[in-house]
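A.B. asks: only geometry, no sequence info:
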């Protein structure tokens, strides 16, 4: 870590009202983004006058300090002066969320961190099932017994895991939350439940005899309430005795609430979900797998899958299997991988061949974001084919009541999760479903490629050839097809006032960003919305897609290059989904900024109007 920006960072923190005024601080490609308790305490003008600060912007509930390309180095120093805060590379914002988006964000933040534990336990369960099916282990042996509780631990103590993640989401003490979960799972409480005799606290308050092992909803409900109790106690109990009495009163309040009110209420809600799951399994088993198999890519694009995936875990906790999420998801992922591999066979473009092979193989293993955003969505026809194939495979899985016995990856290795229940029928059925998926997807992709592949390749090659043949020194060519707009019309003060350098905008007509000259990549945003380049002539350019699109957390963006890569004019740098940007409420204008504008005496810029990839938009005069 460099200490070059230590003094700047210290001054910025002081001028935003000090560490005590900062709820959270993150950074994007060019800006420090503070969430302040009181923006009135921030000295906006003082910060803006600092050497090293380009601009200060207040937008979307965020206090943004525009630094430039070295923002990450400044942020490293800022972290030192704001300990124990929610800090990091910005992945999105909860500001101005609709109720639906808030619910999706909440469910995602609670369940996403525990996926590795559940996946590992699920694959271990699959291994145990194989040992059982092929009689490779004595089911009466201690080894088999021990392996089983290895695999069951994550599910048995699921409330503890969820207590931790829910507490982090609700910004209360995770250790105290896990302790409350421990109260609900304590062996003595389990003994009272097993005895079946009425239990009353102080002989007055009845505790309902519910076992909370492997449950989901009760602990989430308990910790949400605990967060408010804990914060309230912290306000009224003096700091001198806070450390002792806040935990004590938290346990005294939450223990009875958990066992008498909130836990039973959550359990009843869980039983209601179990009734729904059971009804679906019996009367409409085809629906979940069919819908998820066909529509899962769309769900991923809009982030809805984060809210649906936990339904599989809840069904697993309630009924011991998952038919809601797993079968459809694995069919969809295999479909996307197969579609990409057909493109690999059909395309004549070398770059597309490489991308389709690598991302298609990854999709077959259960990771689909690279193939979705990098290939299938931009090309469209492989996405359509994969949705058809995934839907057909999911339909078969649903009709045959196929379900998995553990959660885990949703790629080829996931087929092992369908071994269980003392039968191999679900395993064979998921294999048939995936065969239907693969064959139908491959057939539809091939047929559609006859119409679209040749045309798309020609268009892309033509765009690249224009740039390559016309490349000149100190010239920036349009990185995207669209309509050129002057700097003043860019809907963001930092860009429209040219704070970072000579700037021009393009309202895009497609979602492919190409290299505007020969050079190298000096910075590639983790969130996919921006790429920094340096030309062979030393011109430093930042291509920024959209305004405030960092808040999308990478959803809808796919960067094709990494820092240090050499690029040729016309080479694809990143792909983005214009609809996803619009749905997120952001302008999708592509902003081109010459960061070292001081190295040039003047600039010539393209007039307002239509520009194709390869059109000169900026020329620097030294």
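C.D. replies: Okay, I see it. Keep in mind that this is a model prediction, so the values were computed, not measured.
A.B. asks: could you list every residue that touches residue 507?
C.D. replies: Going by C-beta atoms under 8 Å, 6 or more residues apart in numbering, residue 507 touches 482, 483, 485, 588, 589, 590. Quick note: C-beta positions are derived from backbone N, CA and C, even for glycine.
A.B. asks: any idea whether the closest residue to it other than its chain neighbours is helix, strand or coil?
C.D. replies: Using C-beta to C-beta, 6 or more residues apart in numbering and skipping the chain neighbours, the partner closest in space to residue 507 is residue 483 (4.5 Å). At residue 483, secondary structure determined by DSSP: H, G, I helix; E, B strand; the rest coil is strand.
A.B. asks: what's the neighbour count on residue 483?
C.D. replies: 14 (other C-beta atoms under 10 Å).
A.B. asks: what's the answer for residue 152, then?
C.D. replies: Counted with other C-beta under 10 Å, residues neighbouring residue 152 total 16.
A.B. asks: and what of residue 209?
C.D. replies: Counted with other C-beta under 10 Å, the neighbours of residue 209 add up to 16.
A.B. asks: how close does the closest residue to it other than its chain neighbours get to residue 310?
C.D. replies: Nearest in space to residue 209, with sequence neighbours left out and distances taken as C-beta to C-beta, 6+ apart, is residue 193 at 4.7 Å. Counting by C-beta to C-beta, to the nearest Å, the separation of residue 193 from residue 310 is 25 Å.
A.B. asks: the more surrounded of the two?
C.D. replies: Between residue 193 and residue 310, counting by other C-beta under 10 Å, residue 310 is the more crowded of the two (22 against 17).
A.B. asks: Counting by contacts, list what the helix or strand where the residue nearest to residue 209 lies packs against.
C.D. replies: Per DSSP states H and E: residue 193 is located in helix 187-195. Contact here means 3 or more C-beta pairs under 8 Å, 6 or more residues apart in numbering; DSSP states H and E; on that basis helix 187-195 packs against no helix or strand.
A.B. asks: Averaged pLDDT, that helix. What do you get?
C.D. replies: In this model, helix 187-195 has a mean pLDDT of 93.
A.B. asks: ditto for stretch 332-341
C.D. replies: 94.
A.B. asks: on that earlier part again, just the contacts of residue 507 now: which is nearest residue 403?
C.D. replies: Within these, proximity to residue 403 (C-beta to C-beta) peaks at residue 588, which comes in at 41.2 Å.
A.B. asks: so what's that closest one closest to, chain neighbours aside?
C.D. replies: Nearest one to residue 588, counting by C-beta to C-beta, 6+ apart, is residue 581 at 4.4 Å.
A.B. asks: Chain neighbours aside, what residue packs nearest to residue 564?
C.D. replies: Spatial nearest neighbour of residue 564, excluding adjacent residues (C-beta to C-beta, 6+ apart): residue 521 at 6.5 Å.
A.B. asks: Next, find the distance separating the one you found from residue 204.
C.D. replies: According to C-beta to C-beta, residue 521 stands 69 Å off from residue 204.
A.B. asks: who has more neighbours, these two?
C.D. replies: For residue 521 versus residue 204, neighbours defined as other C-beta under 10 Å are more numerous around residue 521 (20 against 6).
A.B. asks: so the more buried one touches residue 571, yeah?
C.D. replies: No. With contacts defined as C-beta atoms under 8 Å, residue 521 does not count as touching residue 571, sitting 10.1 Å away.
A.B. asks: shared neighbours of those two, anything?
C.D. replies: residue 561.
A.B. asks: thinking again about what came up before, touching, the residue nearest to residue 209 and residue 210? I think so.
C.D. replies: Yes. Under the criterion of C-beta under 8 Å, residue 193 makes contact with residue 210 at 6.8 Å.
A.B. asks: Just the closest of the contacts of residue 507 to residue 399, please.
C.D. replies: For those, the minimum distance to residue 399 (C-beta to C-beta) is 41.5 Å, reached by residue 588.
A.B. asks: tell me the contacts of residue 259?
C.D. replies: Applying C-beta under 8 Å, 6+ apart, the residues contacting residue 259 are 183, 184, 189, 201, 207, 208.
A.B. asks: how many other residues sit next to residue 235?
C.D. replies: By other C-beta under 10 Å, the residues close to residue 235 number 7.
A.B. asks: how far away is it from residue 227?
C.D. replies: Separation of residue 235 from residue 227 (C-beta to C-beta): 13 Å.
A.B. asks: So residue 603: helix, strand or coil?
C.D. replies: Applying three-state DSSP to residue 603 yields a three-state assignment of strand.
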